[in-house]
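Engineer: Fold the stuff below for me.
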Amino acid sequence: MRSNSIDGFLLVKSTFLKNKAVIFVKQLFCILVLALLFSACSGDDNGSDKAASGYYFRASLDGRKIDFYTVNFQGGGNDNRFEQIVIGGYETPFPKIGELAPPSLDFEIWKLGGDIKPGTYSTPADEGMAARYAVQTANGTILYSTRTADDIFTVKIESISKSGIKGTFSGKVRNGDSGTAIEITEGTFNLPYLDIVNP
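Structural biologist: Sure thing, here's the model as predicted:
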C-alpha cells in the first residue's frame, strides 16, 4: 500500500512539474511573440518614418501630388567631396516578387573632379545632370528623360553633407519616342545620406 501511495505521489508530482513546465513554455512563447510584434511595429528597418524623422521626397507630376517610397540619396567622390549625387524613389511601395515595379523618379548630378555644393543646377546647361521618370510595363520601360530634349529641369540644393541633403526641384522630362512631356512641380526633398526613406 505504501508503494502505491508513493507511486501515486510521484505520478502527481511528475504531472504537476510537467504542467508547470508546459505553462512556463507557453508563457515564454507568448512573451516572445509579443516582443516580436512590438518590435515589428516600431518602424521599418529599411527606412525612416517620415513623420518622426522629417525626411521626404515629394513632387507633383502633371498635378498629381506624390510622396515617394524607397527613396535614397547616394553620392561620392574623392577627398570627401561630392563629385556625383543620385536621388530617387518610387511612387508606391515596392510590389511582391514577380510584379512590375512602380513608376520611379530620379535625378543625378555629376561634377567629376569638382564638388557639388549648395546652389542651383539645371539641364541642359549642366551637362552632367539628368532627370528620369520610368514607367514599367509588360512590354518594357517607358522612359521620360531630360536627355532626349532641351527641356529644363532645375535642382536647388540648400544643404549637402555626409549627414544628408535638402532642396527643391522642378522641370520637364520627355519621352523620346512619343514626345510627350511630364511637368514636375513642387519638388522638395530632405534626405539622410545612404538611408532608405518611406512616407
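Engineer: And the helices in this protein, which stretches?
Structural biologist: For the chain, the helices identified by DSSP state H occupy 2-41, 50-53, in order along the chain.
Engineer: per-stretch mean pLDDT over those helices, give me the minimum one.
Structural biologist: When the helices of the chain are ranked by mean pLDDT, helix 2-41 comes last with a mean of 48.
Engineer: quick one: low-confidence parts of the protein?
Structural biologist: 1-52, 149 (pLDDT under 70).
Engineer: From residue 91, how far out is the residue positioned nearest the centre of the chain?
Structural biologist: In the chain, the residue lying closest to the centroid (C-alpha atoms, centre = their mean) is residue 70, at 2.0 Å. Applying C-beta to C-beta, to the nearest Å, the value for residue 70 to residue 91 is 10 Å. For the C-beta atoms, the positions are set from N, CA and C on the backbone; glycine is no exception.
Engineer: cool, residue 77 as well?
Structural biologist: Here the distance between residue 77 and residue 91 works out to 30 Å (C-beta to C-beta).
Engineer: Ok, residue 199 next?
Structural biologist: Looking at residue 199 against residue 91, where the rule is C-beta to C-beta, the gap reads 11 Å.
Engineer: Quick check: beta-bridge partners of the closest residue to residue 173 other than its chain neighbours?
Structural biologist: The shortest distance from residue 173 to any non-neighbouring residue, by C-beta to C-beta, 6 or more residues apart in numbering, is to residue 144 (3.9 Å). Beta bridges link residue 144 to residue 133, residue 175, judged by DSSP bridges.
Engineer: I'd say residue 144 and residue 178 touch.
Structural biologist: No. Applying C-beta atoms under 8 Å, one finds residue 144 not in contact with residue 178, separated by 9.4 Å.
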